[in-house]
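J.: build me a model:
(2 chains)
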Amino acid sequence: MLFRVIDKNEVPSLVRGFAAHYEVVGPVERNGGFAFDEVGSDPSRLRVDYDTTLLPPKKYLFPPKAELFTYDTVNNEVKDIDIPVVPRVLFGLHSCDINAINRLDAVFMASDFPDPYYRAQREATMIVGIDCTPNDHCFCNLWGTDEVTQGYDLFLHDLGDRYLVSILSVTAAEILAVATSARPASPKDSIDFQEKARAFKNSFSSGPAVYELPILMDAFYNDGLWDELGDRCLSCTACSMVCPTCYCFNMVDKLDAGGRSGARLRLWDSCCSPSFALVAGGHNFRPTAASRVRNRFYHKFLGYLSKYGNTLCTGCGRCERACKAHISPRVVIQGLQHKAVQSDAAAQGEGGRS
Amino acid sequence: MTQLAKPSMFENPYRPWPARITSITELTSTEKLFELRIIDPDVREAFHHSDGQFVELSIFGVGEAPISISSSPSKQGFIELCVRRAGTVTTVLHDMQCGDVVGLRGPFGHGFPFEEMKGKDILLVAGGLGIAPLRSLINHIHDERSEFGNVTIIYGSRNPAEVMFRSQFEMWRHRKDFNLILTVDRTNDLPWDGEVGLVTKFIPGLELDPSNTYGAIVGPPGMYRFVIAEMRKKGLHYDKIYVSFERQMKCGMGRCGHCMVGHQYTCIDGPVFNYWEAVNIQGAM
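T.: So this is what the prediction gives:
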């Protein structure tokens, strides 16, 4: 890891430096909120002070709708399997979203079946991270995803009038060197960085500890809590659509007019969709909203953890904002912890009587 | 700025390979056995499956369906799929003819521990369409019969009209090296010279050496609990009883999420699990 320092007013120049070789995508203001959009052509649109976006950046690696291949239905042959790739820089991603991409990388890249579509685009993608200011919906601090140590090319740490730039890739280092007057970090920079980092850690509202979460998920698997949440869930799937780590998908065939050719498409799907676990013949393995909500959180808090060693939530807070039924990771965590305390009190009570 | 990446032939696990239907056998009014040969000789030669694995069968323009492989890995160059007419893909498949072409991806998943089972006594229990994945194991054991101890097969159907692979099993009933029990829940007044009763009825009377026996069960979801209970009463070890799950395995690669059960993906962690694994998957049994 290499560190350099640049002045804040050098950011537009850095964006232009990337834009000479890549499409540059970053946060811009839209409809009173923020969204990721192309900014290379006009770096002044870039809003590095954004809080969060409605949709996460995963769409640039795992598009909501992608053509896997086309086929000929007359000879039953796969026709075209080329994978479109856009060399791109995702500029201004927060730690939560970079950590989320790292979790997607584990699923799509480091698997027995590496995903050629994801991999091709991921390998053509650079990531420039930037410090954030936590808002009321953020809870990355619960998972330790308020920091990120890998997966980016550059990370801009805010030191007031300048950025301490953490550098992980040669290509990005070269562009940085050409586009800015990057200088080595001084002792003063490291002292300022330490103070900033400490202030950042203290800026989160304290949340519940989550060490025992996998145990609670298992212990309260059959608890009425899931029925309460299921009664509220509208099965609208907004949670999965705005989630930076949800990667469930569906594959469907679409015929061209005339029916002689067609394409197989991969579409975002959600495990909260009522027909998600339906099998041919009509049996639905998760017929109730309660069973689907439970499955979603079970995977996030335990299933993914058991396979990849991390929780499949980075505390970005998007689902908390999107859910009309007030179901969120924090609600589930607090609900489970409340259940644990209740059950323990009941057990103590029984112990006292006997 | 769009560029094109061109993965090599074998690098794209989403790509179905054209396969020709070379034989169709009507098994019952709703099930047919399809013999398929992958057309590309290199891909056909590279295709090796283990007992209990499945493929994704494509019909271009309709979609894909996960189907377990019914033929033994000892037979190369073709695979057999025992398919019930149940969803859109299988309905279209049932209307296809010999010579028609479909797509195949796979094989996917973990199957039965064939090598580990060698030298042991074997108790196989199939219910209904569960015979489809189990037939791969049954025929594989048959082809390497001398490697195994006593082999007992209990195959239950609802009625005589639903018994599949009947001619094969009729022949085996007279063999000394297989203890084959064919049973139906009801005869429905059809000719039947096999047993009548649920598969669980025949386990208590078996003479088994529990420390040296592997069990395998495939059938409808409701069957597992009762058959496992009988096997456990016989003293079979938790981790020597194998089950296979049926879920909507869409991608086969542990990604799309449709086949998730508890913390596991049926498609890559299963579909075959031992009972110890299965009881530790929330919501599985």
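
J.: and the residue in chain A that chain B sits nearest to, how many neighbours?
T.: Of chain A, the residue with the smallest distance to chain B, taken as Cβ to the nearest Cβ, is residue A:280 at 3.0 Å. C-beta here means a position set from N, CA and C on the backbone, and glycine is covered the same way. For residue A:280, the neighbour count with other Cβ atoms under 10 Å in any protein chain shown is 17.

J.: residue B:131 is in what secondary structure piece?
T.: For residue B:131, the element it lies in under DSSP states H and E is helix B:131-143.

J.: how about residues contacting that helix?
T.: Taking contacts as Cβ atoms under 8 Å, 6 or more residues apart in numbering or on different chains, the residues outside helix B:131-143 that touch it are B:49, B:51-52, B:54, B:68-75, B:81-82, B:111-112, B:114, B:117, B:122, B:124, B:126, B:148, B:151, B:153, B:155, B:164-165, B:178, B:216, B:218, B:244, B:271-272.

J.: which of these are buried, as a PyMOL select command?
T.: One line in PyMOL is enough to select the buried members of the contacts of helix B:131-143, burial here meaning 16 or more other Cβ atoms under 10 Å in any protein chain shown:
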select buried, chain B and resi 49+51+52+54+68+69+70+71+72+73+81+82+111+112+114+117+122+124+126+148+151+153+155+164+165+178+216+218+244+271+272
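
J.: surely residue B:83 meets residue B:93?
T.: Yes. The pair formed by residue B:83 and residue B:93 meets the contact definition of Cβ atoms under 8 Å, at 6.0 Å.

J.: who touches both of those two?
T.: Overlap between the contact sets of residue B:83 and residue B:93, as judged by Cβ under 8 Å, 6+ apart, is given by B:34, B:57.

J.: buried stuff in stretch A:136-148?
T.: Going by 16+ other Cβ under 10 Å, stretch A:136-148 has these buried residues: A:137-143, A:145-146, A:148.

J.: and the contacts of that stretch?
T.: Among residues not part of stretch A:136-148, those counted as contacts by Cβ under 8 Å, 6+ apart are A:52, A:95-96, A:98-100, A:102, A:129, A:132, A:134, A:155, A:200-201, A:204-205, A:207-210, A:310-311, A:313-318, A:320-321, A:329-330, A:333.

J.: what is the next helix or strand after the helix holding residue B:131 packed up against?
T.: Past helix B:131-143, heading to the C-terminal end, the next element that is a helix or strand (DSSP H and E) is strand B:151-157. Helices and strands touching strand B:151-157, as assessed by 3 or more Cβ pairs under 8 Å, 6 or more residues apart in numbering or on different chains; DSSP states H and E, comprise strand B:121-127, helix B:131-143, strand B:179-184.

J.: my guess is residue A:106 contacts residue A:247, does it?
T.: No. Using Cβ under 8 Å, residue A:106 is not in contact with residue A:247, being 10.2 Å away.

J.: more crowded one of those two?
T.: Using other Cβ under 10 Å as the criterion, residue A:106 and residue A:247 rank with residue A:247 on top: 24 against 16.

J.: pretty sure the more buried one is touching residue B:255, no?
T.: Yes. With contact defined as Cβ under 8 Å, residue A:247 counts as touching residue B:255 (6.6 Å).

J.: how many residues are close by residue B:130?
T.: Residue B:130 is surrounded by 25 other residues when neighbours are defined as other Cβ under 10 Å.

J.: contact partners for it?
T.: So, once contact is read as Cβ under 8 Å, 6+ apart, residue B:130 ends up touching B:217-220, B:223, B:244.

J.: how about residue B:154?
T.: B:123-126, B:181, B:183, B:199, B:202-203.

J.: can we see that at 7 Å?
T.: Each residue near residue B:154 by Cβ atoms under 7 Å, 6 or more residues apart in numbering or on different chains is listed here: B:125, B:181, B:183, B:199, B:202.

J.: just flag the most distant two among these.
T.: Taking Cβ to Cβ as the measure, these reach their widest spread between B:125 and B:183, a distance of 10.4 Å.

J.: follow-up on the earlier one: and the contacts of residue B:130, which is the shakiest by pLDDT?
T.: Ranked by pLDDT, the contacts of residue B:130 bottom out at residue B:220, which has 89.

J.: just list whatever residues bridge to the closest residue to residue B:120 other than its chain neighbours.
T.: Leaving aside its sequence neighbours, residue B:120 sits nearest to residue B:214 (Cβ to Cβ, 6 or more residues apart in numbering or on different chains; 5.0 Å). Residue B:214 has these beta-bridge partners by DSSP bridges: residue B:122.

J.: could you measure residue B:214 against residue B:243, distance?
T.: Residue B:214 sits 12 Å away from residue B:243 when distances are taken as Cβ to Cβ, to the nearest Å.

J.: so for the two, which residue has more residues nearby?
T.: residue B:243 (26 against 23).

J.: check which helix or strand covers the residue nearest to the spatial centre of chain A.
T.: What sits nearest the mean C-alpha location of chain A, by Cα atoms, centre = their mean, is residue A:244, with 2.3 Å. With the criterion set as DSSP H and E, no secondary-structure element contains residue A:244; it sits in neither a helix nor a strand.

J.: same question, residue B:252
T.: Applying DSSP H and E, one finds residue B:252 in no helix or strand.

J.: distance of it relative to residue B:141?
T.: 26 Å.

J.: how near is the closest residue in space to residue B:68 that isn't next to it in sequence to residue A:240?
T.: Of all residues beyond its chain neighbours, the one nearest residue B:68 is residue B:133 (3.8 Å), with distances taken as Cβ to Cβ, 6+ apart. Shown here: residue B:133 relative to residue A:240, a distance of 31 Å by Cβ to Cβ.

J.: domain boundaries for the chain, per the record?
T.: In the absence of a named chain, this looks at chain A. Following automatic domain parsing, chain A resolves into domains at A:2-63+A:83-202, A:213-248+A:270-353.

J.: was after chain B, sorry
T.: Using automatic domain parsing, the domain ranges for chain B come out as B:9-108, B:114-244.
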